[in-house]
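J.: pasting the structure only:
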C-alpha cells in the first residue's frame, strides 16, 4: 500500500516537472501544488472564494468575492491547511475564515521568531526566508491586529456594528456578517470552501516583491515538509520504503496514519514521535509518499455506497487519464439512475485506444473513516481489474434490456448494483436510524467479494433480503420496491453465471407431471435456470406469488386496500414461513382467489400443487419460502405494469394515427 502511494507521488511530481526544475522557487511550488486544497463548491453554496482584502494605504480591510471555485483556479488559490490541528496558523489562503481572523498574523510572526531562533532551523530560515516578509506581516499586525471592525470598509462596518450590538463572539459576528454581505449563502455551511487574504488586491504569490513571494512559499514548504527532515531526525536508521540506511524522520506528516510494508497489515501508531520505530522514512521517500497521499486525498477521494474511499491506481500507475476512467468507474458502481451502457462504452473506448490496453488495468479501493486526527481503515479491496469489472456491470444492463426495466413504471427502474445494496443492507428506507458500525462490516465484505470475484453466500443474501423487505413493508413512511425481488433473482443469476454463488441446497428429488402453460413464466424460469430449473418447490412458490399479486391488485382496485399493508400481502409472515405451513397458505390463497374472481390459467392450481408436493419436508428455510413467493408477486406486478405501459403506448399511437387522418 505504501509503495502505491510512493509511486503515485513520484508520478505526480514527474508530471509537475519537479525532478527537472532548477529554480528553487518553482521547484518548491511544484512540490506543494499537490498538497493544495481542491477548490469545490459546497452544496447550494457560493461559487466563488471570499477574500479578505487588506488595503495598506487606506489602512482598511474589505470582504470581497474572488475567483471561481473550480479546478482551473487551484494553482492561483494555492490553498493550504495547517499540518496538525495544534499548529500555528501561517497560510493566507485556507479553508476556514476563522483561521484568517483569529491570530493568523500574530501566529506567523511567532512562528518566524521561533524558527529563526531554533538551532535546527536558524540557518535555513536565514538563507531562505527574507526578513522583508517578517516586516510585511508586522505591518499588517500593527494595522489590523484585532480585526474588531474598526478598520473595516465603511459600508461593511455598518453591518458589523449592527450585528455586534447583539453578538459578542468575534467568529459569530463575522459569520453573520459574511451571510449578510453575500446573501447567496443562506446558512453557514453554504459559505465557500476557500478563503484568502489579498494585500492591496493581490494574492501573496502575486506580490510585486519576489523576495516576499519566495519567503511565503519557503515557509509553507518548511512547515508542510522540510521541518520533518530537519527537526528531531534519527540518524543511522532504516528506511522501510527504499531499504537504505541513514537519517529518518522523527515525526511523520502523513495524513493516513498506517504503516507496514513487508506484509498486508496496517499498523496504527497513535504516538507520532515513535512512528520511526515501526515505520522509518528517509526524506525523499517521505516527500514522495506525502505527495502521493495528499494527491489521493484531494484528487482520488470518492463516495461509494455512502462510504468515503480512495481510488488507488495499480502499479505501474496508469497516468492522469487512467485516474479519470477510475472516477467514471466509481460513479458507475454507485449509479442511482439510468443504465450503465454509455458509461461502459466510454471506458471501453479509452481502454481500446490506450497504448497499454493489453496490460492489466488494476486499481484498489481504500474505505476509511476519518474523524479529527484519527484515520481508521474500514476495508482495503485490492487488485480489482477494470476490464473484469466492466464485464460484470454489463450483465446488469443485459437484465435491464431483457425486461425493458428502463421503460416500466413512472421512474427509471433499470437494474443497478445500488439496487442490491438497498435490498440487502439497512438504509433510511428500512431503518429509522441505520447504524453503520453494525452493518458496515457486512456491507464492505459483500462489496469486496463481488469486486474481487469471490463467491457470495446464497443463504446470507436471502436472509438479509427478507429482513430488509419486511422492514420496508412495515415501515410507516417507507415503501417496498416491487421490483426488488425480481432484481434479486437477476442478481443471483449473474452470480451463478460468473460462478460466484455459494449455494448449499440441491435439486428436488421428484419430476413434476404438469406443464406451465403461461409463456412468460416459462421464459422467466428459463432465463434464471440456475435459480429455478432444478428446484420445483421454488417454481411452485413463485406461481403461488403470482396469484397473491393478482388478489392484492384486485383488492386495491375495489378500494379495499389503499396500500399494500392493508391487502392480502399483509397476511404474509415476512419473518419467514415454515415449509409445513405452505399447504395452509395455498388454501387461503385459493379461497381469496374465488372471492375476488381472480382469472386463473387452465390447470394453474394443479401446477402449483404438483410443484409443491412434499414441501413440508423440504430443506427450504422459512425466509426462502417468503423470498420465492415474493419473486412471483414481483414478476406478476411487473407483467401488469408492462401490459399497462403497452396499452398506453397503443392508445397514444392510435391517437397519432387518427390525428394524421
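T.: It's in. Because the structure is predicted, anything quoted here is derived from the model rather than measured.

J.: Show the average pLDDT along whatever helix or strand residue 647 lives in.
T.: Assigned by DSSP states H and E, residue 647 belongs to helix 622-660. Across helix 622-660, pLDDT averages out at 84.

J.: So which elements touch it?
T.: Applying 3 or more C-beta pairs under 8 Å, 6 or more residues apart in numbering; DSSP states H and E, one finds that helix 622-660 contacts helix 458-474, helix 484-497, helix 519-527, helix 536-557. For every residue, glycine as well, the C-beta is placed using N, CA and C.

J.: I'd like those helices laid out as JSON lines, including mean neighbour count, mean pLDDT and distance to residue 647.
T.: Putting those into JSON lines (neighbours: other C-beta atoms under 10 Å; pLDDT from 0 to 100; distance: least, C-beta to C-beta, whole Å) gives the following:
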{"stretch": "helix 458-474", "mean neighbour count": "19", "mean pLDDT": "94", "distance to residue 647": "28"}
{"stretch": "helix 484-497", "mean neighbour count": "22", "mean pLDDT": "97", "distance to residue 647": "21"}
{"stretch": "helix 519-527", "mean neighbour count": "15", "mean pLDDT": "96", "distance to residue 647": "16"}
{"stretch": "helix 536-557", "mean neighbour count": "24", "mean pLDDT": "94", "distance to residue 647": "15"}
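
J.: closest to residue 230 out of those helices?
T.: Nearest to residue 230 among the helices and strands packed on helix 622-660 is helix 458-474 (53.8 Å), distances taken as C-beta to C-beta.

J.: the inter-axis angle of that closest one versus helix 484-497?
T.: Relative orientation of helix 458-474 versus helix 484-497 (axes from the mean of the first three to the mean of the last three C-alpha atoms, to 10 degrees): 170 degrees.

J.: before we move on, back to that, could you export the helices and strands packed on helix 622-660 to CSV, including columns for distance to residue 337?
T.: Below are the helices and strands packed on helix 622-660 laid out as CSV (distance: least, C-beta to C-beta, whole Å):
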stretch, distance to residue 337
helix 458-474, 20
helix 484-497, 15
helix 519-527, 25
helix 536-557, 26
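
J.: so which of those helices gets nearest residue 649?
T.: Per C-beta to C-beta, nearest to residue 649 of the helices and strands packed on helix 622-660: helix 519-527, 18.3 Å.

J.: what's the following helix or strand after the closest one?
T.: helix 529-532.

J.: which secondary structure elements does that following helix contact?
T.: Using 3+ C-beta pairs under 8 Å, 6+ apart, the elements in contact with helix 529-532 are helix 484-497, helix 536-557.

J.: So which bits of that helix are buried?
T.: Neighbour counts over helix 529-532 (16 or more other C-beta atoms under 10 Å) mark 530-532 as buried.

J.: Then stretch 136-150?
T.: 136-138, 140-141, 143-144, 147, 149.

J.: Output the helices and strands packed on helix 529-532 in TSV; the columns should cover distance to residue 405.
T.: Formatted as TSV, those follow (distance: least, C-beta to C-beta, whole Å):
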stretch	distance to residue 405
helix 484-497	8
helix 536-557	17
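
J.: Of those helices, which is nearest residue 518?
T.: Among the helices and strands packed on helix 529-532, the nearest to residue 518 by C-beta to C-beta is helix 536-557 (8.5 Å).

J.: quick revisit: could you point out which of the helices and strands packed on helix 622-660 sits nearest residue 594?
T.: In terms of C-beta to C-beta, the element of these nearest to residue 594 is helix 536-557, at 10.3 Å.

J.: next one: the closest one to chain centre, how far?
T.: Helix 536-557 has its C-alpha centroid displaced from the chain centroid by 38 Å (C-alpha atoms, centre = their mean, to the nearest Å).

J.: Okay, now the unreliable bits of the stretch 51-200 of the chain?
T.: Along the stretch 51-200 of the chain, segments meeting pLDDT under 70 span 83, 85, 99, 145.

J.: just the helices in it please.
T.: Shown for the stretch 51-200 of the chain, the helices assigned by DSSP state H, counting those that start in this stretch span residues 74-77, 97-101, 104-117, 122-128, 131-144, 154-164, 170-181.

J.: So which of the ones you listed is nearest residue 253?
T.: helix 104-117 (15.9 Å).

J.: residues making contact with the closest one?
T.: By C-beta atoms under 8 Å, 6 or more residues apart in numbering, the residues outside helix 104-117 that reach it are 88-90, 92, 121-122, 125-126, 129, 133-134, 137-138, 140-141, 144-145, 197, 219, 222-223.

J.: Then stretch 575-595?
T.: 466, 470, 537, 541, 544, 547-548, 550-551, 568, 571, 598, 600, 605, 608-609, 612, 615-618, 620-623, 625-626, 629.

J.: give me that answer again for 7 Å
T.: 466, 470, 544, 547-548, 551, 568, 600, 605, 608, 612, 615-616, 618, 620, 622-623, 625-626 (C-beta atoms under 7 Å, 6 or more residues apart in numbering).

J.: buried stuff in that stretch?
T.: Within stretch 575-595, the residues that qualify as buried are 576-577, 579, 582, 585-586, 589-590, 592-593, counting by 16+ other C-beta under 10 Å.

J.: Now do that stretch: distance to the chain's middle.
T.: With C-alpha atoms, centre = their mean as the basis, stretch 575-595 stands 43 Å off its chain's centre.

J.: What mean pLDDT does it get?
T.: The model assigns stretch 575-595 a mean pLDDT of 94.

J.: Could you point out which of the helices and strands packed on helix 529-532 sits nearest residue 101?
T.: helix 484-497 (51.8 Å).

J.: Quick check: neighbours of the helix or strand following the closest one in the sheet, parallel or antiparallel?
T.: Heading C-terminal from helix 484-497, the first helix or strand you meet, by DSSP H and E, is strand 501-502. Using DSSP bridges, the strands paired with strand 501-502 in its sheet are strand 456-457 (parallel).

J.: Serialize the buried residues of stretch 575-595 to JSON lines and add fields for secondary structure and distance to residue 18.
T.: Putting the buried residues of stretch 575-595 into JSON lines (DSSP: H, G, I helix; E, B strand; the rest coil; distance: C-beta to C-beta, whole Å) gives the following:
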{"residue": "576", "secondary structure": "coil", "distance to residue 18": "62"}
{"residue": "577", "secondary structure": "coil", "distance to residue 18": "66"}
{"residue": "579", "secondary structure": "helix", "distance to residue 18": "68"}
{"residue": "582", "secondary structure": "helix", "distance to residue 18": "70"}
{"residue": "585", "secondary structure": "helix", "distance to residue 18": "71"}
{"residue": "586", "secondary structure": "helix", "distance to residue 18": "74"}
{"residue": "589", "secondary structure": "helix", "distance to residue 18": "73"}
{"residue": "590", "secondary structure": "helix", "distance to residue 18": "78"}
{"residue": "592", "secondary structure": "helix", "distance to residue 18": "75"}
{"residue": "593", "secondary structure": "helix", "distance to residue 18": "76"}
